[in-house]
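> let me see the structure of the following:
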Amino acid sequence: MRRTVLMLAALTVAGGATSARAAPRLAHQAALDLDPASTAWILTSTALVLLMTLPGLALFYGGMVRRKNLVATIAHSTAALALVTVLWFVAGYSLSFGTGPSATNGLIGGFDALLLNGVTPATAHALAPGLPEFLWIAYQLTFAIITPALIAGAFAERIKFPASLLFFGLWHLLVYAPICHQVWGGGWMGSLGVLDFAGGAVVHVNAGVAGLVACLVLGPRHGFGRDNMAPHNLALTAIGTGLLLVGWLGFNAGSAWAADGIAALAAFNTLLAAAAGALGWLAVEWIVRRRPTLLGLLSGLVAGLVGVTPAAGLVDPKAACLIGLLCGPACYAGVTWLKRSLGYDDSLDAFGVHGVGGIVGAILTGALASEAVNPAAAGADVMKQVIGLVAVMAWSAVGTFLILMICRFTTGLRVTREEEIEGLDYTQHGETIHP
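This is a model prediction of the structure:
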C-alpha cells in the first residue's frame, strides 16, 4: 500500500513537471538547462550583493552623517530594500527583463511577467539558461535595491521620509527599470554594443546623476559651508566599506552569470582596482592636504570599485589596475574641487564617487576592453560608451526631476528648518541614538 502511494505521488509530481515544461514560455524565457555549479555561485552572489545594501551601505552612509541623522540614514537603505523588493515582484522585473511590443521594446520591457506570472521552477531567462529564473530574478533584484539606496546619500539629512519612499518607488519603475532594460534586458543600448559588465551605467552613473539632480532640487543643508558637518563615526563607515568590498565580489564576479574563468577574472580585477583606487586617492590627498585620512582611503577604495564595475570581466588585470589608479584621483576631484566650484550640497558624495567614477570607468571600458580576455568585449568602442552614458544621464536626470516635482506637490520634499536642526532621527522616526 505504501509503495502504491509513493508511486502515485511520483506520477503526480512527474505529471506536474511535464505540464510545467509543456506550458508556453514567455518571450524572454528559455527552458532551464540547470548548471549546478553556476547556480550555487549565483545563490552566493545574491547574498553578497544583498549584504552591500544592508548592512553595508547603511553603515557606510550612517557613519558619515551627523549623529542626529544616523537612524534616518539607515532607514533609507532599509526602506529601499523593502519597497523595491515588492515592486520588483509586481512589475519591476517584467519591465526590466521582460519583452515588450516591438515598437517599445528598445526602451522598456513588457507586462507579460507582472506578479511573476509565467515564471516556474522549470523556466530560465534566455540570457542565463543555466540558472533557474527565480534565482535570476533574485540576483537582479539586489542590483535594483542598491541603486536607489545609493541616491539617498545625496539628499541625506534633509528629506522627509514619506518623500523618500515615494521617490524610491517611482524612481524604480520610471528610471531604473527602463535603463536596466535598455542596457541589459534587450533594449537599444545593449543592441548598439554599449558595454556594462556589472552596472557602471545602470547602477552607478544612473544613481549618481539622480543624486546630483536631487541635491540641486532640495538645496543645501542648513548651515552648509558654515557648520561642522564632519562624519560622526568613521569606524561605522570603515565597517560598511569592508562589507561593500566583500559584497562587490558578488556584484562583479556574479555578473559573469557562471562559475567560470571570467568570474574569477572579475573577482581579482575587483580587488585590484579597489586597492589601486585607494592608493590613487591617498596620493592626491597627501599632496594636496599634506596628510592622509582614513575617510580618503575608504572613499578611494569605493571609487576603484565603482570604476572597475563596467569593465570587471572584460579587461585584464593591468587595465583594471589602471582604472582604479585613475578613478581614485578623478573621484577625489569630484568630491572636492567640482563640488566646491559648483556649490551644490551632495551630502555623502553620491555623484562625486558613483557618478564620476562610473563615467570614467565606462569610458575606460570602451578603450581597454579586450576580446582576447572575453569574447563579449568584441566591438568595444569609446564612442558607443559615450552615447550610452549620455542617454543614461539624460533619462536619469529628466526622470528624477519629474519624480521630485511629484513628491514636492504631494508629500513635500524637505523637512522644516527646525526639524533639520533637531535631527531627522527624532523628527522623522521618533528614535535617537543615546550617548
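> use CA for all of it now, contacts and neighbours both
Will do.
> tell me where the stretch 151-300 of the chain has helices.
With DSSP state H, counting those that start in this stretch, the ranges of helices along the stretch 151-300 of the chain come out as 161-171, 177-184, 188-192, 206-218, 234-253, 261-289, 294-308.
> who touches stretch 375-385?
Defining contact as C-alpha atoms under 8 Å, 6 or more residues apart in numbering, one finds that stretch 375-385 is touched by 192-195, 314, 362-367, 369-371.
> give me the buried subset of these.
Applying 16 or more other C-alpha atoms under 10 Å to the contacts of stretch 375-385, the neighbour count classes Gly193, Val194, Leu195, Leu314, Ala362, Ile363, Leu364, Thr365, Gly366, Ala367, Ala369, Ser370 as buried.
> any idea how far the closest residue in space to Trp88 that isn't next to it in sequence is from Leu305?
Using C-alpha to C-alpha, 6 or more residues apart in numbering and skipping the chain neighbours, the partner closest in space to Trp88 is Leu141 (6.7 Å). Separation of Leu141 from Leu305 (C-alpha to C-alpha, to the nearest Å): 20 Å.
> out of those two, which sits in the busier spot?
Ranked by neighbour count (other C-alpha atoms under 10 Å), Leu141 and Leu305 place Leu305 first, with 37 against 23.
> and that one, what does it touch?
Counted by C-alpha under 8 Å, 6+ apart, Leu305 has contacts Leu245, Trp248, Thr270, Leu271, Ala273, Ala274, Gly277, Gly324.
> mind running it again at 7 Å?
Thr270, Ala273, Ala274 (C-alpha atoms under 7 Å, 6 or more residues apart in numbering).
> so what's the residue count around Ala319?
Neighbour tally, Ala319, other C-alpha under 10 Å: 22.
> now do the host helix or strand of it, average pLDDT.
Using DSSP states H and E, Ala319 maps to helix 317-333. For helix 317-333, mean pLDDT rounds to 98.
> tally up the residues packed near Asp227, please.
9.
> list phi and psi for it.
phi -80, psi 160 (degrees, to the nearest 10).
> also the one 3 residues further on?
With angles defined as degrees, to the nearest 10, Ala230 shows backbone torsions of phi -70, psi 150.
> who are the neighbours in contact with it?
Taking C-alpha under 7 Å, 6+ apart, we find Ala230 in contact with Arg66.
> from Met405, how far out is it?
In terms of C-alpha to C-alpha, Ala230 sits 30 Å off from Met405.
> re the thing from before, top of the contacts of Leu305 by neighbour count?
Busiest of those [other C-alpha under 10 Å] is Ala273, holding 34 neighbours.
> rewinding a little: ok, so of the contacts of stretch 375-385, who is nearest Thr39?
Leu314 (21.7 Å; C-alpha to C-alpha).
> measure the closest residue to the closest one other than its chain neighbours to Ala376 for me?
Once flanking residues are discounted, Leu314 sits nearest to Ala369: 5.1 Å by C-alpha to C-alpha, 6+ apart. From Ala369 over to Ala376 the distance is 9 Å, taken as C-alpha to C-alpha.
> give me the number of residues near Pro24?
Neighbour tally, Pro24, other C-alpha under 10 Å: 10.
> show the pLDDT at it.
Pro24 is given a pLDDT of 86.
> state the distance from it to Leu95.
20 Å.
> which SSE is Ala124 in?
strand 123-125.
> gap between that strand and the chain center?
23 Å (C-alpha atoms, centre = their mean, to the nearest Å).
> who touches that strand?
His28, Gln29, Ala30, Ala31, Leu32, Leu131, Pro132, Glu133.
> the same query, at a cut-off of 8 Å, please.
Residues outside strand 123-125 that contact it (C-alpha under 8 Å, 6+ apart) are 25, 28-33, 130-134, 136.
> tabulate the residues you listed (TSV), appending distance to Phe168.
Conversion of the contacts of strand 123-125 to TSV gives the following (distance: C-alpha to C-alpha, whole Å):
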residue	distance to Phe168
Arg25	31
His28	26
Gln29	28
Ala30	31
Ala31	34
Leu32	33
Asp33	35
Gly130	32
Leu131	29
Pro132	28
Glu133	25
Phe134	23
Trp136	22
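> most surrounded residue in those?
That'd be Leu131 among those, by other C-alpha under 10 Å, with 29 neighbours.
> so where is the stretch 301-435 of the chain shaky, pLDDT-wise?
Along the stretch 301-435 of the chain, segments meeting pLDDT under 70 span 434-435.
> how near is Ala303 to Val183?
For Ala303, the distance to Val183 - C-alpha to C-alpha - is 22 Å.
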